[in-house]
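Visitor: need a structure here:
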Amino acid sequence: MTYSAALRRLYFVRFAFAVVWVAIVFAIGGTATPLLTTLLVIYPLFDAIAVLWQLRADPDKTRAKTAEWVNVAVSIAVAVALGVSSSMSISAAVAVWGVWAIVAGVPQLVAAIRNRHNGGQVPQMLSGGISVFAGLGFLYQGVQGSAMIAGAAGYAALGAVFFVVSAIRLSMTLKKENA
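Guide: Numbers count the residues shown, from 1 in each chain. Now for the predicted structure:
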């Protein structure tokens, strides 16, 4: 399997995961419960696992992968921080989510730029850039005391759209290569 095919599969999996996650968050209404805490912890852990899978699948063993490793470390740390903060207050969790969106958005943007020759990366570049700006908004809202965790679900839904668009673009690229 080519790296482009592996990325396509990963992006479809990430899309499906995000859609299910968003549906559950909206279904529970964003109220502070152990289920919400679990969901908030699972999302960045899944992100870390997906980036680890992408690192493992990357055939270029000589390319520096610092951005991806930073993303993994930050996502794991944020999962712990979300577990703690969401048990204290939803606004604290919104602020932590914002920090994560900022810090994860930059490496996503860098990785997408580096992987652009594999195709389907423009949506990932946009996603990384938007993540930084959305993160600033979440951080501001959380510091102001907002308990609107639905914004995080909207953010994840937008991420799902970017993943499915990338997967479709990669599918079209692979189809042209195999024609």
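Visitor: Can I get the strand or helix carrying Val72 in CSV, CA atoms only?
Guide: Val72 belongs to helix 66-88 when assigned by DSSP states H and E. Output in CSV follows, covering the C-alpha atoms of helix 66-88 (Å, rounded to 0.1, in the frame of the first residue of the first chain):
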residue,chain,number,x,y,z
THR,A,66,9.4,16.7,14.9
ALA,A,67,6.0,18.3,14.2
GLU,A,68,4.2,15.0,14.3
TRP,A,69,6.0,13.9,17.5
VAL,A,70,5.1,17.3,19.2
ASN,A,71,1.5,16.7,18.1
VAL,A,72,1.5,13.2,19.8
ALA,A,73,3.0,14.5,23.0
VAL,A,74,0.7,17.5,23.2
SER,A,75,-2.4,15.4,22.5
ILE,A,76,-1.5,12.9,25.3
ALA,A,77,-0.8,15.7,27.7
VAL,A,78,-4.1,17.4,26.8
ALA,A,79,-6.1,14.2,27.2
VAL,A,80,-4.9,14.2,30.9
ALA,A,81,-5.5,17.9,31.3
LEU,A,82,-9.0,17.6,29.8
GLY,A,83,-9.8,14.7,32.2
VAL,A,84,-8.8,16.9,35.2
SER,A,85,-10.2,20.2,34.0
SER,A,86,-13.6,18.8,32.9
SER,A,87,-14.1,17.3,36.3
MET,A,88,-13.5,20.9,37.8
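Visitor: Against which helices or strands is that helix packed?
Guide: Counting contacts by 3 or more C-beta pairs under 8 Å, 6 or more residues apart in numbering; DSSP states H and E, helix 66-88 packs against helix 34-57, helix 90-114. Bear in mind the C-beta positions are built from the backbone N, C-alpha and C, glycine included.
Visitor: and stretch 139-150, how far out from the chain's middle?
Guide: The chain centre lies 19 Å from the centre of stretch 139-150; the measure is C-alpha atoms, centre = their mean, to the nearest Å.
Visitor: again, but for stretch 154-172
Guide: 11 Å.
Visitor: In it, which residues are buried?
Guide: 155-160, 162-171 (16 or more other C-beta atoms under 10 Å).
Visitor: any idea how far Ser86 is from the most centrally placed residue in the chain?
Guide: Centroid-nearest residue in the chain, with C-alpha atoms, centre = their mean: Asp47, separated by 5.4 Å. In this view, Asp47 and Ser86 are 17 Å apart by C-beta to C-beta, to the nearest Å.
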